[in-house]
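Colleague: sharing a model that was predicted from the sequence below.
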Amino acid sequence: MTNGRRSLIRWLLGGGIFSSIASFLYPVTRFIMPPNVPEAAVNEVVAGKVQMLQPNAAAIVKFGNKPVLLIRASETEWKALTAVCTHLNCTVQYKDDTHQIWCACHNGFYDLGGKVLSGPPPKPLEEFVVRIRGDEVVITRGA
Amino acid sequence: MATPAPGWFDERLGLSSIRKFVAHKTVPSHSGTMWYYFGGITLFLFVIQVVTGVLLLLYYRPTTSEAFESVQFIMTRVKFGWLIRSVHSWSANLMILAAFVHMFSVVFLHAYRRPREMAWFSGIGLLALAMAFGFSGYLLPWNTISYFATKVGTDMAASVPMIGPYMARFLRGGEDVGGATLTRFFGFHVAVLPGITTLLLLMHLGLVQRFGISSPPKLEGKRIAQMPFFPNFFLRELMAWYAALALLGVLAAIFPWELGEKADPFASAPAGIRPEWYFLAPFYTLKLIPSHIWVLEGELVGFAGFALLAAFWATLPLWATDRDGMLRARRVTGAGILLLAYYSTFSILGYWR
């Protein structure tokens, strides 16, 4: 009888402490995970005027809150690709001497279509559509 | 007038028992004794980190619009600010170096053996914490190099199957590295990590006191000369601290830590970007791994490799002896030499290439 009562009290005490700890930990674990803040969907941005880039030059432009690499490959040929390397998230750059896209972090190379040429990147860069509207360069998310 | 008797403090603080304990404490004296100083040097540099870190806290502001400027202010306007920040950065690096020397000396002197396994595990935990301190502190000046190092580091966490994306979100405080990451890393660096480190450090030091300093197995069974801890070993350790302090002072004053350019999330990663020296070996390995190995992404294979290597190393005392409890000294020494060779070669290659 005494043993039964003792074991009941042990269970109650143990269960109480366990529940208390769980009730502290649950809100803490939920608190440390940041809330989902939905981004405003951006499908098109005006990157700037045509004159902003000379042929064989590039610039990083904002596409919502993501960087996009806008390249003026020649007088009439424009390219836009996500500037985030598919390997480990670094921001890529255009190499005007080799006409390639390069990630300085781990030496990954892509062609102007975003295809991986060499190095560790596992996937191609996402390509965007570039249109010239009057004298403005417009970047649109590809279909 | 009554003055406190000499035994007044003794009675209230128990000083005589501490004095008795210290008087009886000895340290083995042999050809490898010099390696025993590195644990103490690591601790000394940690104390310097705490002191300089608290001083930097007086001026630092953890927001993307003010972090870089506040460090710039510390370095250019605050009296001796450049020195305090430079000492903090150099001391962090020297502390990790001293911890590495301490760890490898424990391996080569086989000091991790029974009953000191927990001292090894707590030491590995402290090394991991030191690296976490380094990784989180690196971002705080909010410069270009630190921004991209954090992008890469947190993206590596994201590549872990299943829980990776949650880990990355937890670390970044959102989808990408930004202001939320800076606030978080500041919190980790000045509150979370110091709290955990203090507890683990007390455990580590307590275990060293409990089991004493280990002698190498080759000297076991022989009569080993013992050096009194106080004052003989302590004064030598004090000289080692002075040597570390001299090196730190020279490095901090002659090569002040640079601040670089302010981070711009809409700029490309600059050429020649690389992490702190203790992350160079994995950094260079990641550069060499191709995009795909068989059907798996190279990055994932690399990450799994690092995780296995870390687990193998952290559990060293568990595979260092055979079933009969006999030490596999050659195997452990060989593993230590291999790891040291990989780490130093790849770090040098990562720096130069």
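Modeller: Nice, thanks for sending it over.
Colleague: in chain B, where's the longest helix?
Modeller: helix B:81-108 (DSSP state H).
Colleague: quick one: contacts for the residue nearest the centre of chain A?
Modeller: Residue closest to the mean C-alpha point of chain A, counted by CA atoms, centre = their mean, is A:V84 at 6.1 Å. The neighbours of A:V84, taking CB atoms under 8 Å, 6 or more residues apart in numbering or on different chains as the test, are A:66-67, A:90-92, A:125. In short, each C-beta sits where N, CA and C put it, glycine included.
Colleague: what do you get if the cut-off is 7 Å, keeping everything else the same?
Modeller: Residues counted as contacts of A:V84 (CB atoms under 7 Å, 6 or more residues apart in numbering or on different chains) are A:66-67, A:91.
Colleague: packing partners for the longest helix of chain B?
Modeller: helix B:37-57, helix B:67-76, helix B:117-139, helix B:234-254, helix B:329-352 (3 or more CB pairs under 7 Å, 6 or more residues apart in numbering or on different chains; DSSP states H and E).
Colleague: and the angle for it with helix B:329-352?
Modeller: 150 degrees (axes from the mean of the first three to the mean of the last three CA atoms, to 10 degrees).
Colleague: compute the inter-axis angle for helix B:81-108 and helix B:117-139.
Modeller: 150 degrees.
Colleague: how far out from the middle of the chain is helix B:81-108?
Modeller: 7 Å (CA atoms, centre = their mean, to the nearest Å).
Colleague: and what of stretch A:92-112?
Modeller: On CA atoms, centre = their mean, the centre of stretch A:92-112 falls 18 Å from the chain's centre.
Colleague: does chain B have contacts with that stretch?
Modeller: Yes: Stretch A:92-112 comes into contact with chain B (CB under 7 Å from any CB of the partner chain), by way of A:92-93, A:103-107.
Colleague: pLDDT below threshold where in the chain?
Modeller: Answering for chain A, as no chain was given. Where chain A drops to pLDDT under 70, the residues are A:1, A:143.
Colleague: my question was about chain B, not that one.
Modeller: B:1-5.
Colleague: centre-most residue in it?
Modeller: B:A130 (3.2 Å).
Colleague: might one say that that residue is in contact with B:N93?
Modeller: No: if you go by CB atoms under 7 Å, B:A130 and B:N93 don't touch, sitting 10.4 Å apart.
Colleague: now the helices and strands packed on helix B:81-108 in CSV, with distance to chain A?
Modeller: As requested, the helices and strands packed on helix B:81-108 are exported to CSV (distance: least, CB to the nearest CB, whole Å):
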stretch, distance to chain A
helix B:37-57, 22
helix B:67-76, 18
helix B:117-139, 14
helix B:234-254, 27
helix B:329-352, 11
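Colleague: output the ones you listed as a markdown table; include the columns distance to A:V50.
Modeller: Formatted as a markdown table, the helices and strands packed on helix B:81-108 follow (distance: least, CB to CB, whole Å):
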| stretch | distance to A:V50 |
| --- | --- |
| helix B:37-57 | 48 |
| helix B:67-76 | 34 |
| helix B:117-139 | 38 |
| helix B:234-254 | 51 |
| helix B:329-352 | 42 |
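Colleague: and of these, who's closest to A:Q54?
Modeller: helix B:67-76 (30.8 Å; CB to CB).
Colleague: helices or strands up against that closest one?
Modeller: helix B:81-108.
Colleague: contacts only, for B:L83.
Modeller: B:252-253.
Colleague: show me the strands in chain A, by range?
Modeller: A:44-49, A:57-63, A:66-72, A:78-82, A:93-95, A:100-103, A:108-110, A:116-118, A:127-133, A:136-141 (DSSP state E).
Colleague: to B:F306, which of these lies closest?
Modeller: Using CB to CB, the nearest of the strands of chain A to B:F306 is strand A:108-110, at 19.1 Å.
Colleague: hmm, who's touching the closest one?
Modeller: A:85, A:87, A:100-102, A:116-121, A:124-125.
Colleague: again, but for stretch A:130-141
Modeller: A:43-50, A:61, A:63, A:68, A:70, A:78-80, A:128-129.
Colleague: in that stretch, what counts as buried?
Modeller: A:130, A:137-139, A:141 (16 or more other CB atoms under 10 Å in any protein chain shown).
Colleague: for that stretch, measure first residue to last.
Modeller: Stretch A:130-141 has its terminal residues 9 Å apart, counting by CA to CA, to the nearest Å.
Colleague: nearest spatial neighbour of the closest residue to chain A within the stretch 101-250 of chain B, skipping sequence neighbours?
Modeller: Nearest to chain A in the stretch 101-250 of chain B, going by CB to the nearest CB, is B:D155, at a distance of 3.8 Å. Spatial nearest neighbour of B:D155, chain neighbours left out: A:N89 (3.8 Å); criterion: CB to CB, 6 or more residues apart in numbering or on different chains.
Colleague: could you report the neighbour count for that neighbour?
Modeller: A:N89 has 22 neighbours, counted by other CB atoms under 10 Å in any protein chain shown.
Colleague: phi, psi for it please.
Modeller: Main-chain torsions, A:N89, degrees, to the nearest 10: phi 80, psi 10.
Colleague: touching, it and B:A149? I think so.
Modeller: No: counting by CB under 7 Å, A:N89 does not reach B:A149; the two are 11.0 Å apart.
Colleague: domain ranges for chain A?
Modeller: A:1-37, A:44-140 (automatic domain parsing).
Colleague: interface residues of chain A facing chain B?
Modeller: Checking chain A against chain B by CB under 7 Å from any CB, the hits are A:32-34, A:37, A:60, A:62, A:67, A:87-93, A:103-107, A:116, A:120-122.
Colleague: before we move on, back to that, ok, of the contacts of stretch A:130-141, which come out buried?
Modeller: A:45, A:47-48, A:61, A:63, A:68, A:70, A:78-80, A:128.
Colleague: give the buried residues for stretch B:331-348.
Modeller: Quick answer for stretch B:331-348 (16+ other CB under 10 Å): B:332, B:335-336, B:339, B:343, B:346-347.
Colleague: in a markdown table: the residues you listed, plus distance to B:T315.
Modeller: Converted to a markdown table, the buried residues of stretch B:331-348 look like this (distance: CB to CB, whole Å):
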| residue | distance to B:T315 |
| --- | --- |
| B:V332 | 12 |
| B:A335 | 12 |
| B:G336 | 14 |
| B:L339 | 14 |
| B:Y343 | 18 |
| B:F346 | 22 |
| B:S347 | 24 |
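Colleague: mind listing what A:G113 touches?
Modeller: A:E127.
Colleague: quick check: the gap between it and B:Y147.
Modeller: 28 Å (CB to CB, to the nearest Å).
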